[in-house]
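**Q** here are the coordinates; sequence isn't available:
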């Protein structure tokens, strides 16, 4: 098998239910090979013949099967395994801190459909990079037998109790108002039937918060209510409606494995994407004036202005949570303070928290801020009242119709780079690190658009924002005219664009 096809950025992902003949089906054999290869990689990295690893999973239906294969491969090759069972992805990293594990394996496919699953690996230095995953999958494909003849032990551990305790301590110390600092606050959680229900039961309620009205807290790998994804419109509508129905002060929504989050203010005011990045930036900069905030490439011009006005420096980098986190770490190593790296998807990594993208930690920081503001009769929404938001925003995806998709995509992007030098009303952004971002003046749409290759898939993604009604239509027509000049247009499906401009 070509195991490289299981690589998805800095994770391993595939299908885990249904047709086992699917070339991307995560069979027990495949899972054991990948797990054994990670262990071999870890032994070389640590110099230990019997490293200690933790293993956990989200609420997916295939989790138990895959966990058994992971543990079998690890213990047969001499590892000591701590079985954490149902756990969030950030908690699995924290086992390397709290339990001194040499490595951790989380079984998750984030917000993807129920028939998918995956493996995410950690060391004490954080999640692995894409190049590490490529090496591990290469080793997995070449190994003769993933099972050894050793007898490592496996012990159970309910680590989520300790992880919840860490978050409770953070809130108690941050609010500084006794052992029930959230008394008088009504905070509800939508866990989307993923792992995040613990935040309501084990973090908020013990601190005095009223969590009545919380929804979909019970783990269910069928995800029967809505996609567990803060970027999903239906999911955000769900938590917004729940906040309004219960007259809550604050609402929280997590993705399946709780490494991402979104939230809702009083009255159902949605706080996600640029609003969430702005709010997190404001909180991070309170204790780090002049710090740099790293974001992904699709953040708005209004957000850049907001970060600057809040006393920070904005660095708009690349899409992909590992990209923004690695940039954050590089800046810190070079002596530049970078308190936050964040994607509009809800991945948020605070430097103070091991550069870990942790949705529960992000929400914990926001709740501490909300409790402080409440004493002044203010809300989190007041902190971002000055955020300038676009009148229109849109995303379109164009599939590249060939196997060797990257050269085709780069050719399309270079066409726009050339056009930006000659077309009146277009100026290529000089602070862009991914694809081509073009600022369009009022005659061309009064906004900006970004064309970039997807991190994982054979897709060119178009993101656009405009400060006027009808502005994106102007930009879309100009984009169509440029694409019409492309020699390889037959290898690009632009039906989404042509339908839109009709």
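**A** Received the coordinates, thanks. These numbers were taken from a predicted model, which means no experiment stands behind them.

**Q** what's around the closest residue to residue 149 other than its chain neighbours, how many residues?
**A** Distances taken as C-beta to C-beta, 6 or more residues apart in numbering put residue 76 closest to residue 149, at 7.1 Å, once the chain neighbours are dropped. For glycine as for every other residue, the C-beta is placed from the backbone atoms N, C-alpha and C. Using other C-beta atoms under 10 Å, residue 76 has 20 neighbouring residues.

**Q** residue 245 too?
**A** Residue 245 has 12 neighbours, counted by other C-beta under 10 Å.

**Q** and residue 290, by the same measure?
**A** So residue 290, with other C-beta under 10 Å, has 10 neighbours.

**Q** ditto for residue 406
**A** Around residue 406 there are 10 residues (other C-beta under 10 Å).

**Q** run through the residues that contact it.
**A** When contacts are counted by C-beta atoms under 8 Å, 6 or more residues apart in numbering, residue 406 touches residue 453.

**Q** same thing but at 6 Å, please
**A** Applying C-beta atoms under 6 Å, 6 or more residues apart in numbering to residue 406 gives no contacts.

**Q** what's the answer for residue 199, then?
**A** Residue 199 touches 189, 360, counting by C-beta under 6 Å, 6+ apart.

**Q** give me that answer again for 7 Å
**A** Going by C-beta atoms under 7 Å, 6 or more residues apart in numbering, residue 199 touches 189, 252, 360.

**Q** which SS class is it?
**A** helix (DSSP: H, G, I helix; E, B strand; the rest coil).

**Q** and the gap between it and residue 262?
**A** 13 Å (C-beta to C-beta, to the nearest Å).

**Q** do the same with residue 493
**A** 30 Å.

**Q** comparing those two, which residue is more hemmed in?
**A** Neighbours were counted for residue 493 and for residue 262 using other C-beta under 10 Å; residue 262 has more, 29 against 16.

**Q** before we move on, which element is the more buried one in?
**A** Using DSSP states H and E, residue 262 sits within strand 261-265.

**Q** picking that back up, just the contacts of residue 199: which are in strands?
**A** The members of the contacts of residue 199 that map onto strands under DSSP state E are 189, 252.

**Q** out of the contacts of residue 199, who's nearest residue 447?
**A** Distance ranking of the contacts of residue 199 against residue 447, using C-beta to C-beta, places residue 252 first at 31.4 Å.

**Q** dump the contacts of residue 199 to JSON lines, plus neighbour count, distance to residue 321 and pLDDT.
**A** Listed next are these as JSON lines, based on neighbours: other C-beta atoms under 10 Å; distance: C-beta to C-beta, whole Å; pLDDT from 0 to 100:
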{"residue": "189", "neighbour count": "31", "distance to residue 321": "22", "pLDDT": "98"}
{"residue": "252", "neighbour count": "30", "distance to residue 321": "19", "pLDDT": "98"}
{"residue": "360", "neighbour count": "25", "distance to residue 321": "16", "pLDDT": "98"}
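
**Q** export the contacts of residue 199 to TSV and tack on distance to residue 472?
**A** Output for the contacts of residue 199, formatted as TSV (distance: C-beta to C-beta, whole Å):
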residue	distance to residue 472
189	35
252	31
360	35
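
**Q** out of the contacts of residue 199, who's nearest residue 268?
**A** For these, the nearest to residue 268 is residue 252 (13.4 Å; C-beta to C-beta).

**Q** please enumerate the helices of the stretch 351-500 of the chain.
**A** Using DSSP state H, counting those that start in this stretch, the helices of the stretch 351-500 of the chain run over 359-374, 380-383, 405-420, 471-483, 495-501.
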